[in-house]
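**Q** Have a look at this fold, sequence not included:
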């Protein structure tokens, strides 16, 4: 029981990170109907920028953990958003009226490009960060096994929740969010009614990239190890999460992230750990067979 | 023609904006180098400056090209030139094909048919075969398969395992490799073919990764990431080859296999099955209302594509003599897909050209191994953005009524 509880805590932390990336997929799919294959790479870039920001702060002699955390988050979100914006502008916007597979293939090319760009610029070796946030609470003890909830895990989950709330407000309450939702429902009509759809789409990519950057910061803090290849698998899993929750649905992305995180940590705990990545894909296939619209998605009506 | 509006102020504004964006992008990732292990950051302002200047100049050149209508000067003569070449050659089409086949057969005997040339030609032909196979799935049936490499892997491991464990010969294993790959294709296709295009793409991608993970972890069968070594070279009625003659023999095998694949793909297009694939790609609902069963048709496309990949995989194992999961990554799927797409989705000539370009270009840049994939990714985006219809975008309709013009 204690062991299970511990895996539950780990799974929720992991799920929060996947959920943040999944939002980027689900929003982009909702508004332009394409899989932004390069999104995993954006998350990887967010993690690298976070590492660089941590390194700079350490060299400047900033000792306060809270201050450096906020600075790193903001820096990483700003610079990673610039990457998200540029990717859309360069690789997707020219293809908006092209055939269906064109943007996806362009996205695959972009993903390969970004991955190797980071490899060329930063080297292929793993980069490490010494633990920034330490400490934790023992919350339960059974037969000598202690369940701990680390401060870091609390920070990750709380920060995720806070950002989700801010993000929900941005989409639900502001003019920018309204334009974004209008484009999602009917881009042509929104355009006719004077909504700047190009800007709304750019905004979607920027928000998605900013949230992916947050996930990148969290992963740097949580594992302390990053290399140029982490974006690929995380990207696929986050996309799985988005599909699982129902693509286009924001709460769905978060829920999907949680389920993927839990599946992964529980599988690694009780079943052969080498196959934990298989579990995520198998789950995706099963969900798509029995509930193709995902858990919280609206059924799609096929029009002739 | 429109009057040319030359707007130097706009150029400067656009170049300045691009430079600003380049500065923001380059500052963290290019400007600072993280230490490997413990240490401190290195600051590289010169990299940022170079990136900013390069982007600004590039944007300036683009803006000027647009205002002076350079695209028009190039595009129109290029299009009419292509058309002229095409119409000049079309009466001799058959002769051209025969000529290139004769050339390919004679290649090992020609003076420049060295080891390296033969080796590269073999590699190109493997990719031609893979491209033609994937083209059945993506180009004809319109099903985006991002895990095609899985079937290639199944074929390679079938031959690798059967040859090393049971001593079966290549010619026995070849059909078996195709069969196992087809079974894998059906096993994947059966549950997922009801899915819409993009979902299908991701599920196939997941399947490709699953196969790779299984190959790494199923130690007793596949020897894990160490791979299978000492896979025998195929013989020919008891004859065994080594050295240059082995290379030549392998070249002829893959040449025959690629020829077979190309002819098969060209012929199957005009059968009832091939027509059903193309009809399904264009409109699934219309197909269903005409009484076609989408599931079986899609499944057959998957199985046929997988079989061809299985053949190619068996040959790959025979040529390398060594296989490991590292040869069957997603990158490989992406390259094969790039061949199909750059070849113009459905065009056979296009596939041959694209395979040659994509295999030979990286070979030329062998000295810049780090930059190779970077350039590959950039080229993929660039080609998609500038010519989404593919490099060789000319597709003959599969069928025509009588001798009428389309």
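**A** In hand now; what should we look at? None of these values were measured; they are calculated from a predicted model.

**Q** how about low-confidence regions in chain A?
**A** Residues of chain A that meet the criterion pLDDT under 70 lie in A:298-304.

**Q** no, scratch that, I was asking about the stretch 1-150 of chain B
**A** The stretch 1-150 of chain B contains residues with pLDDT under 70 at B:1-4.

**Q** Those residues of it touching chain A, which are they?
**A** Contact residues, the stretch 1-150 of chain B versus chain A (CB under 8 Å from any CB of the partner chain): B:21, B:24-25, B:27-30, B:32-38, B:40-41, B:47, B:138, B:144, B:146. (Glycine included, C-beta is placed from N, CA and C.)

**Q** Give me the buried entries from these.
**A** The neighbour-count test (16 or more other CB atoms under 10 Å in any protein chain shown) marks B:21, B:24-25, B:27-30, B:32-34, B:41, B:47, B:138, B:144, B:146 as buried among the residues of the stretch 1-150 of chain B next to chain A.

**Q** can you list the domain ranges for chain B.
**A** Structural domains of chain B, as assigned by automatic domain parsing, span the residue ranges B:8-78, B:126-235+B:256-386.

**Q** any chance of the ones you listed in CSV, with distance to residue A:133 too?
**A** Compiled in CSV, those are given as follows (distance: least, CB to CB, whole Å):
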stretch, distance to residue A:133
domain B:8-78, 19
domain B:126-235+B:256-386, 32
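
**Q** Pick the most deeply packed of the ones you listed.
**A** With neighbours defined as mean count of other CB atoms under 10 Å in any protein chain shown, the domains of chain B peak in mean count at domain B:126-235+B:256-386, which reaches a mean of 21.

**Q** what's the first-to-last distance across that one?
**A** Distance across domain B:126-235+B:256-386, first residue to last, is 28 Å (CA to CA, to the nearest Å).

**Q** what's the answer for stretch B:142-151, then?
**A** Taking CA to CA as the criterion, the two ends of stretch B:142-151 lie 18 Å apart.

**Q** returning to that earlier point: and the furthest pair within the buried ones among the residues of the stretch 1-150 of chain B next to chain A?
**A** Comparing every pair within these by CB to CB identifies B:41 and B:138 as the most remote, at 44.4 Å.

**Q** what helix or strand does the residue most central in space within chain B sit in?
**A** Compute the mean C-alpha point of chain B, and by CA atoms, centre = their mean the closest residue is residue B:336, 2.2 Å away. Residue B:336 belongs to helix B:330-342 when elements are defined using DSSP states H and E.

**Q** Is it correct that residue B:146 falls within a helix?
**A** No: membership of residue B:146 in a helix is not supported by DSSP: H, G, I helix; E, B strand; the rest coil, which gives coil.

**Q** Enumerate every residue touching it.
**A** With contacts defined as CB atoms under 8 Å, 6 or more residues apart in numbering or on different chains, residue B:146 is in contact with A:108, B:201, B:202, B:204, B:205, B:208, B:330, B:333, B:334, B:337.

**Q** Residue A:286: which of these is nearest?
**A** Distance ranking of the contacts of residue B:146 against residue A:286, using CB to CB, places residue B:202 first at 14.0 Å.

**Q** so the closest one touches residue A:40, yeah?
**A** No: checked against CB atoms under 8 Å, the pair residue B:202 and residue A:40 is beyond contact range at 12.0 Å.

**Q** For the two, list the residues in contact with both.
**A** Shared contacts of residue B:202 and residue A:40, defined by CB under 8 Å, 6+ apart, comprise residue A:236.

**Q** gap between the two ends of stretch B:183-199?
**A** Taking CA to CA, stretch B:183-199 runs 21 Å from one end to the other.

**Q** Residues touching it, excluding its own?
**A** Taking contacts as CB under 8 Å, 6+ apart, the residues outside stretch B:183-199 that touch it are A:29, A:34-35, A:100-101, A:104, A:243, A:285, A:288-289, A:292, B:142-144, B:147, B:150-151, B:154, B:200, B:203-204, B:207, B:211, B:294-295, B:298-299, B:302-303, B:305-307.
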